[in-house]
Structures are given as C-alpha cells and as structure tokens.
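Asks: please find the sequence and the predicted model below.
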Amino acid sequence: MQELQAKILTKHSDRYAGETLLVRSPGRVNLIGEHTDYNNGFVLPAAIDKAIILALSKNSDNLIRLNSADMEPGYFETPVLKSYKKTGVHWADYIIGVVDELQKDGFHTGGFDCTFGGDIPIGAGLSSSAALEGGVAFGLARLFDFDLSLLALTKIAQRAENNFVGVQCGIMDQFASLHGEKDRVIKLDCRSLDYELYPFQWDHTRVLLCDTKVRRTLAGSEYNIRRRQCEEGVAIINKSDPSVRSLRDVTFHQLESHKDKMDAVVYRRCRYVLEENQRVTDACTMLLENDLAGFGQKMYQSHYGLRDDYEVSCRELDILVEAAEQIDGVLGARMMGGGFGGCTINLVLDNTLEDTIRQIQTYYHEKTGKEPGFHIVQIGQGTHLVTELADDTKSS
C-alpha cells in the first residue's frame, strides 16, 4: 500500500502544483447479513486493507480535472458548474456525482484536481465504487473545509450512486467504507443507521474470498423480484397490523400466523430475512464470547438460507461452499453479495491457508472445469487522511 500511495502522490505532484491531500478509502466485506439491508434489517460489514488512494488539490482555473491511474480513458475534465449531467466516462460519473450531491446540499467546490488508483479487485464484490465515492466526498470535505459528519458524507456518497450513476444500492457499502475501524466489524441497523462496533481480532484466522469468476448477470433483475416478494409479505401482515412497515417489524409468530395467506415462495423469502437478522445478532454475541467456531456455523447457515429459501445462489457458489465444508481449516463460508455469481467469504485458520486454497482450487476445477480466483483480506481502517503536505515540491 505504501508503494501505491507513493505512486499516486508522485503522479499527481508531477502534474499539479499546490497543497495536496492524500486519502485512503477502503473496500468492504460483509461477514453476515445478506439481502437484509433493503428490508430495514441488520448487516455486519467491515472495511478491508484493499483501498483506493486519492490525491486532491485545489486549482485556480475553475476546472475539475480527474486522472485515473487504472482505467481508460485516463483523464476527464469539466468546468465547475451549477449542476452536472452524466459525463460519458463511466468512472468519472462516480466523482462528478459526489460533486453534484454536495452542491445540492449547499456545499460548492471550486476547481480541483484529483488523481486516484487502487488495489481493490474489480468485480469481486468488494465495493470499489463505494470506496471511490466515499473517498471523494471525504477528501473534498477536507479540501474545502465543509462541516460534514461521516454519516452525512455516507448519505452523499450513496445518493451519488443512486441519483447520478443510476445504481439503486443500499447504504451499507458506503457506510462500511467510511466508518470502518481496524480489527472491528460494524453491526449496522439499516432502519435507524445506528451502529455498534464488535471486536474481530483473531490473529490466527484470515478472511479468504473465493471468486467463482461468474458474472452476476441475473443479480439486478432477481434483486428487484426478491424485493417485491418481501414487500408482498409485509403488505399481507400490514392488513392485520398497520404498524408493520417492513420485515424488520415482523416477528416469527406473526409470520407463521400469516403463512396460509401467503404464496409459499413469498413465505420462504420472508422467513429467510427474519432468520438472517437473528443470525447477525447471534453472530455478534459470539464475537463477544470469542466463539469463532460458532460464528463460522452462522455463516454456513446464512448460505443455506440464501441457497434454499432466498434462492440467490448458483451452482458455482454452492461448489465453493461445499469445498470449504470439507476442510478442517475453514471455520465458516457463505456467498457474499447479491448472488448468482461473485465470491464466497471464508474464515480460514492462518496455518492452513495455503492448503485450503489448493484444496478449494482442485475441487472447484474438478466440478466446473474453471479456475477460481482468490483474494486474502484483513479488517482495516475506514476512509482517512494519509498525509497532508503543507507545500508541494513544485511550489517550493
């Protein structure tokens, strides 16, 4: 990471003069609590040690000049405007969208220059887009002295993706990236946005992501179907209890008492969400009790629910979990993210890591003929300022 930070800072300072801020904005994993966020439930994400690095400085040219170290085209610029439209450059939309949302809240930037790059694997479900949005929001607030809390920055970053980029994501990704702390996971209440930090300090374990290499082509349409099915279940219960506005308000007793009024599929979708919320709460208790084996079992149970009741897994994800179940060094595994491809997240004993990767790779190739990808991550600090240079070397 030090090498990446130096690379971005050098690339920026070679091109632009002036005081420079260097911001580190991480990706995230979600240990348990899937498809609960849009049902006002609980999630348990954490920031990781893979991140996007951004160098930012003001300019007097009334321009926004953006430089990507990793993507093409590598440069985009626009004058500072009163409102913004899509740029036609996909990666630039995430940055300009943040500027646009800041302005809607009354926070107007002047001209600025931004150079960024990172080591978050693209397409692995580690939320590189949220890291970019949160890093830009955080950096611009520091650069232009905007008085904004981390929660306010989180909401701005989310709205940039919802309103400008056009992806209707929940708030978990941006929240975890901005609020994360080293060796801590976040129990986030997606209804109130209250959160608690829980310790995650097992030096003898590693977080291993196993990538199916399957593109999640069905995730968008099926996501909308699952959301409607949950809303259908809520509407049925709401007829007898108007206080029920989301599945978060539903008890297991209420769900069972309305089972006969629901389509069997709708009932299973709702049951999964209630059970997953309970698993998050139980998993947090296990963290406090230092019961990592119990935590791992909750991860497996989460996958079974996602596979059988919520039906958002796929054969490749199931094969990766099957492989993990056969290895003593794996304490828990489940699919992570929207489903239909992407990664599994695994808790692995450190002294078995290499052998675990080999066994999963062999099993997956035998069953699918494909080679999985692997990413080893650690729980890291949320978005923060790396360094602030009083004077750029060019201006000295």
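Replies: That came through, no problem.

Asks: where does the residue nearest the centre of the chain sit relative to S129, distance-wise?
Replies: By C-alpha atoms, centre = their mean, the chain has its centre lying nearest to D173, at 3.3 Å. Here D173 is placed at a distance of 8 Å from S129 (C-beta to C-beta, to the nearest Å). (Each C-beta comes from the backbone N, C-alpha and C, glycine too.)

Asks: how about the nearest residue to the residue nearest to the centre of the chain, chain neighbours excluded?
Replies: Nearest non-adjacent residue to D173, counting by C-beta to C-beta, 6 or more residues apart in numbering: A130, 3.6 Å away.

Asks: and the one you found, how far from V136?
Replies: If you go by C-beta to C-beta, the gap between A130 and V136 works out to 11 Å.

Asks: which neighbours do the two share?
Replies: Shared contacts of A130 and V136 (C-beta atoms under 8 Å, 6 or more residues apart in numbering): A157.

Asks: please report how far E366 lies from R358.
Replies: Taking C-beta to C-beta, one finds E366 at 13 Å from R358.

Asks: any idea how this protein splits into domains?
Replies: 2-200+380-395, 205-377 (automatic domain parsing).

Asks: how far out from the middle of the chain is the shortest one?
Replies: I take that to be domain 205-377. Distance of domain 205-377 from its chain centroid, counting by C-alpha atoms, centre = their mean, to the nearest Å, is 15 Å.

Asks: kindly report the same for stretch 137-146.
Replies: That offset, for stretch 137-146, works out to 22 Å (C-alpha atoms, centre = their mean).

Asks: how many other residues sit next to E325?
Replies: E325 has 12 neighbouring residues, counting by other C-beta atoms under 10 Å.

Asks: what's the answer for R24, then?
Replies: R24 has 25 neighbours, counted by other C-beta under 10 Å.

Asks: same for the helix or strand hosting the residue nearest to the centre of the chain, what does it pack against?
Replies: Per DSSP states H and E, D173 falls inside helix 172-179. Judged by 3 or more C-beta pairs under 8 Å, 6 or more residues apart in numbering; DSSP states H and E, helix 172-179 is in contact with strand 20-32, strand 42-58, helix 128-143, helix 150-159, strand 184-189.

Asks: and the longest helix along the chain, what does it pack onto?
Replies: Determined from DSSP state H, the single longest helix within the chain is helix 264-288. Counting contacts by 3+ C-beta pairs under 8 Å, 6+ apart, helix 264-288 packs against strand 20-32, strand 42-58, strand 184-189, strand 195-199, helix 219-238, helix 252-257, helix 292-308.

Asks: average model confidence for the second one?
Replies: The predicted model gives strand 42-58 an average pLDDT of 97.

Asks: quick one, that strand and strand 195-199 angle?
Replies: If you take axes from the mean of the first three to the mean of the last three C-alpha atoms, to 10 degrees, strand 42-58 sits at 100 degrees to strand 195-199.
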